[in-house]
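based on what follows, work out the 3D shape:
(chains A and B)
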There are 2 protein chains.
Amino acid sequence: MAEPIEFYFDPTSPYAYLASTQIDKLAARHGRTVDWRPVLIGVTILQVMGLKPVPQTPLKGPYSNQDKHRLAALLGVPLRERGATPMASPVAALRAFVWLKRRDPVLAAEFARRMCAAAWAQGRDIGDDTVLQEAAALGVDRAPLAEGMTSEDIKAQLRDDVQLAISRGVFGVPFFIADGEPFWGVDRLGMLEHWLRHQRWDHHDIERPTPPV
Amino acid sequence: MAEPIEFYFDPTSPYAYLASTQIDKLAARHGRTVDWRPVLIGVTILQVMGLKPVPQTPLKGPYSNQDKHRLAALLGVPLRERGATPMASPVAALRAFVWLKRRDPVLAAEFARRMCAAAWAQGRDIGDDTVLQEAAALGVDRAPLAEGMTSEDIKAQLRDDVQLAISRGVFGVPFFIADGEPFWGVDRLGMLEHWLRHQRWDHHDIERPTPPV
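From the prediction side, this is the model:
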């Protein structure tokens, strides 16, 4: 059995949302599973790199804002313009994810997909209320989750996970690692699929890509 | 006749080199021509954005260094590791390009392709000597070029071209604009081709892409 594909996400990124709609199908086409891993891009990783968040970067911000809608159309998934709705911190969602992943990684991945979709397909806040609602919709009891996601243990686990991601070279989201090969960006899904299919880079007989980017 | 595709390049970028090997063929497949346009990424545009050059950015630098070799293999073109050879300023090459473009845009594009290849396929310096050698190989007389590329007129033209690029939203290389649609990165060649083919983003019946990224 081949190794799982590491998929690093942060629900505050529209590009991570777009990837969250594709990665499991893509992996399954090649007999792979996906190991969903949380990162905190907005603060932690950009601090390591000394960069501003993309939306606040001149020139790149407006491009990214236009680009995400083109990619959503290409992938055939909804993307809602958030407008004035401020993006909540991803910390609550990611702590809940960490807590769920210890119990059931498959359920945790479904929760993560729902949090990404809440933020970007539905334009919702992703703070505590949405976290508890979406977990409840998956059959997760409210009280143990609410307690678990604020425990020191889970807080430390998320910090450790982010440090592990940095040690693996993750510097943006979505980020994929397959067999040690790193891929940054939803626009690299085609290249990731090329890797899964051929396991080499000098193979030019490219087949029809799915998805189309 | 459809508008030319604007192609923004800086020969110091390996990604611009990779795109320089593909863009004219890609455009020709769709009955388009290419308008090669110079930019100065390393200094001017990164200053506007307040960013560090990619090779000096933690995490992103090592990724980019690995990634450019994968892309070269995928595209089937040579890419030479520069090692300790420092990259010369692109200013001489781009001033020569500007001077040539006023006389013959097709010849100027061929000169630009050669300067990109000198830097990245051959690992050569791209300062004055290489500029004059490569222009001579295209039948350009040395004396008028040497004089022209140091004239105040040409210096001002390059500065104006860079400002024009910034006003068009260009923030990295390679950068393409087709029918007002902006595309950043050699990994967007497939998306550019999708645009040229369909002129819309909600068309999901994707055909075999060329090139494979």
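
could I get the full set of strands for chain A?
Under the criterion DSSP state E, strands of chain A are mapped to A:5-9, A:34-38, A:175-178, A:181-184.

partners of the second one, with directions?
It refers to strand A:34-38. Note on strand A:34-38: by DSSP bridges, its sheet partners are strand A:5-9 (parallel).

hang on, the earlier thing: export the strands of chain A to JSON lines and tack on mean pLDDT?
Formatted as JSON lines, the strands of chain A follow (pLDDT from 0 to 100):
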{"stretch": "strand A:5-9", "mean pLDDT": "98"}
{"stretch": "strand A:34-38", "mean pLDDT": "98"}
{"stretch": "strand A:175-178", "mean pLDDT": "98"}
{"stretch": "strand A:181-184", "mean pLDDT": "97"}
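
show me the contact partners of the least confident helix or strand in chain A by mean pLDDT.
Lowest on mean pLDDT, DSSP states H and E among the helices and strands of chain A sits helix A:46-49, with a mean of 86. Contact with helix A:46-49 is made by A:52-53, A:166, A:171, B:57-60, as judged by Cβ atoms under 8 Å, 6 or more residues apart in numbering or on different chains. C-beta here means a position set from N, CA and C on the backbone, and glycine is covered the same way.

tell me the contacts of A:Gly50?
When contacts are counted by Cβ under 8 Å, 6+ apart, A:Gly50 touches B:52, B:57-58.

next one: phi and psi at it?
According to degrees, to the nearest 10, the main-chain angles of A:Gly50 amount to phi 70, psi 30.

CA-only coordinates of stretch A:100-110 in PDB, if you can.
The C-alpha coordinates for stretch A:100-110 follow below in PDB (Å, rounded to 0.1, in the frame of the first residue of the first chain):
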ATOM      1  CA  LEU A 100     -11.500  14.700  16.100                       C
ATOM      2  CA  LYS A 101      -8.500  13.300  14.200                       C
ATOM      3  CA  ARG A 102      -7.300  11.500  17.400                       C
ATOM      4  CA  ARG A 103     -10.600   9.700  17.500                       C
ATOM      5  CA  ASP A 104     -11.500   9.200  13.800                       C
ATOM      6  CA  PRO A 105      -9.300  10.600  11.000                       C
ATOM      7  CA  VAL A 106     -12.000  10.000   8.400                       C
ATOM      8  CA  LEU A 107     -14.600  11.900  10.400                       C
ATOM      9  CA  ALA A 108     -12.100  14.600  11.000                       C
ATOM     10  CA  ALA A 109     -11.400  15.000   7.300                       C
ATOM     11  CA  GLU A 110     -15.200  15.300   6.600                       C
END
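
what's in contact with that stretch?
Stretch A:100-110 is contacted from outside by A:24, A:34-36, A:97, A:111, A:135, A:138, A:140, A:145, A:157, using Cβ under 8 Å, 6+ apart.

quick check: mean pLDDT of it?
Taken as a whole, stretch A:100-110 has an average pLDDT of 98.

swap in stretch A:147-166?
Here the average pLDDT along stretch A:147-166 is 97.

distance between that stretch and the chain's centre?
Distance, stretch centre to chain centre, for stretch A:147-166: 16 Å (Cα atoms, centre = their mean, to the nearest Å).

what about that stretch and chain B, any contact?
Yes. Judged by Cβ under 8 Å from any Cβ of the partner chain, stretch A:147-166 and chain B are in contact via A:Ile166.

can you pull the buried residues of that stretch?
Neighbour-count burial for stretch A:147-166, counted by 16 or more other Cβ atoms under 10 Å in any protein chain shown, picks out A:148-149, A:154, A:157-158, A:161-162, A:165-166.

and stretch A:65-78, by the same measure?
The neighbour-count check on stretch A:65-78 (16+ other Cβ under 10 Å) flags A:67-68, A:70-75, A:77 as buried.

give me the subset of the residues you listed touching chain B.
The subset of those within reach of chain B, by Cβ under 8 Å from any Cβ, is A:67, A:70, A:73-74.

for these, which one is nearest chain B?
Closest approach between those and chain B, by Cβ to the nearest Cβ: A:Ala73, at 3.7 Å.

what bridges to A:Pro38?
Beta-bridge partners of A:Pro38, as defined by DSSP bridges: A:Phe9.

circling back: give me the subset of the buried residues of stretch A:147-166 lying in helices.
Judged by DSSP state H, the buried residues of stretch A:147-166 include A:148, A:154, A:157-158, A:161-162, A:165-166 as members of helices.

and which of these is nearest A:Asp125?
Set against A:Asp125, the nearest of those by Cβ to Cβ is A:Leu158 (19.4 Å).

list the contacts of that closest one.
Counting by Cβ under 8 Å, 6+ apart, A:Leu158 makes contact with A:38, A:40, A:91, A:94-95, A:98.

how near is the closest residue to A:Thr150 other than its chain neighbours to A:Trp120?
Nearest residue to A:Thr150, sequence neighbours excluded (Cβ to Cβ, 6 or more residues apart in numbering or on different chains): A:Arg95, at 7.4 Å. Distance, A:Arg95 to A:Trp120, using Cβ to Cβ, to the nearest Å: 20 Å.

more neighbours: which of those two?
It is A:Trp120, of A:Arg95 and A:Trp120, that has more neighbours when counted by other Cβ atoms under 10 Å in any protein chain shown, with 29 against 21.

so the more buried one is in contact with A:Arg80, correct?
Yes. Under the criterion of Cβ atoms under 8 Å, A:Trp120 makes contact with A:Arg80 at 6.4 Å.
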